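S.K.: give me a model of this one.
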Amino acid sequence: MTSQSTQEHRQQAESLERIGVAVLTISDTRTPETDRGGAAIRELLAAADFEVVHYAILKDEPDIIRETVLQLCEREDVDVVLTTGGTGIAPRDGTFEAVSGLLQRTIPGFGELFRLLSWEEVGAASMLSRAIAGLRGRTLIFCMPGSANAVDLAMRKLIVPELRHLVLEMHGR
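M.R.: Now for the predicted structure:
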């Protein structure tokens with residue numbers, strides 16, 4: 001793309017009126033009162049004029065995660081599904097397994113960039129993250145770690161700045 005067509009494309013993306021986002025916190029222990037990551041996602045989305053159309057806390061059970069994500073991908077009002085939690089390597093971390101098989105197209109750059117940016121903050125521990133992103137049909141899916149700091153990093157540096165552009169690309173406009 002030329003810089004002029006890139007600029008025009010960004011202007012088109014900014015003109016999108018409504019982008020519906022579903023937020024899922026994957027945790028066996030978090031409650032609405034203790035879900036700092038889910039709260040941060042919702043606050044950052046609201047500040048950027050995205051519409052949160054669904055929020056839930058799910059147990060870290062791959063079947064429940066998979067079924068919920070599939071149901072959200074079928075909803076007309078959901079353009080994006082954002083998950084937080086369950087992307088590590090602990091025995092109960094099942095988000096990666098539950099979601100990766102649902103993706104019809106992957107966005108490898110998200111996980112790569114997330115780990116690169118995480119490296120700057122947490123060093124070698126960044127390799128433990130299995131953050132992923134991709135598409136199922138006409139729904140974007142991002143899976144982030146469960147820590148509030150990781151959510152803040154992913155949302156501020158990667159997702160929020162590009163979300164309108166990604167939705168525009170996804171719809172082929």
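S.K.: L44 - how many residues pack around it?
M.R.: 18 (other C-beta atoms under 10 Å). In this view, the C-beta of every residue, glycine as well, is placed from N, C-alpha and C.
S.K.: that one contacts L158, doesn't it?
M.R.: No: taking contacts as C-beta atoms under 8 Å, L44 lies outside contact range of L158: 11.5 Å.
S.K.: A helix includes T68, no?
M.R.: Yes: under DSSP: H, G, I helix; E, B strand; the rest coil, T68 falls within a helix.
S.K.: where exactly do the strands run in this structure?
M.R.: Taking DSSP state E as the test, the strands found in the chain are 20-26, 51-58, 80-84, 105-106, 132-136, 139-144.
S.K.: of all residues in this structure, which one is nearest the centre?
M.R.: F142 (2.6 Å; C-alpha atoms, centre = their mean).
S.K.: can you tell me, leaving aside adjacent residues, what's nearest to it?
M.R.: A133 (4.5 Å; C-beta to C-beta, 6 or more residues apart in numbering).
S.K.: how close does that neighbour sit to L102?
M.R.: Per C-beta to C-beta, to the nearest Å, A133 is found 12 Å from L102.
S.K.: averaged pLDDT, stretch 142-158. What do you get?
M.R.: Confidence over stretch 142-158 (mean pLDDT, whole number) is 97.
S.K.: rewinding a little: so who does the residue nearest to F142 touch?
M.R.: Residues in contact with A133 (C-beta atoms under 8 Å, 6 or more residues apart in numbering) are T106, I107, F110, G111, L140, I141, F142, C143.
S.K.: ok, now I107?
M.R.: Contact partners of I107, counting by C-beta under 8 Å, 6+ apart, are A133, G134, L135.
S.K.: how about 10 Å then?
M.R.: Applying C-beta atoms under 10 Å, 6 or more residues apart in numbering to I107 gives the contacts L113, I132, A133, G134, L135, L140, I141, F142, L166.
S.K.: tell me how many other residues surround the residue nearest to L135 when sequence neighbours are not counted.
M.R.: Of all residues not flanking L135 in the chain, R105 sits nearest, at 4.4 Å (C-beta to C-beta, 6+ apart). Neighbours of R105 under the rule other C-beta under 10 Å: 11.
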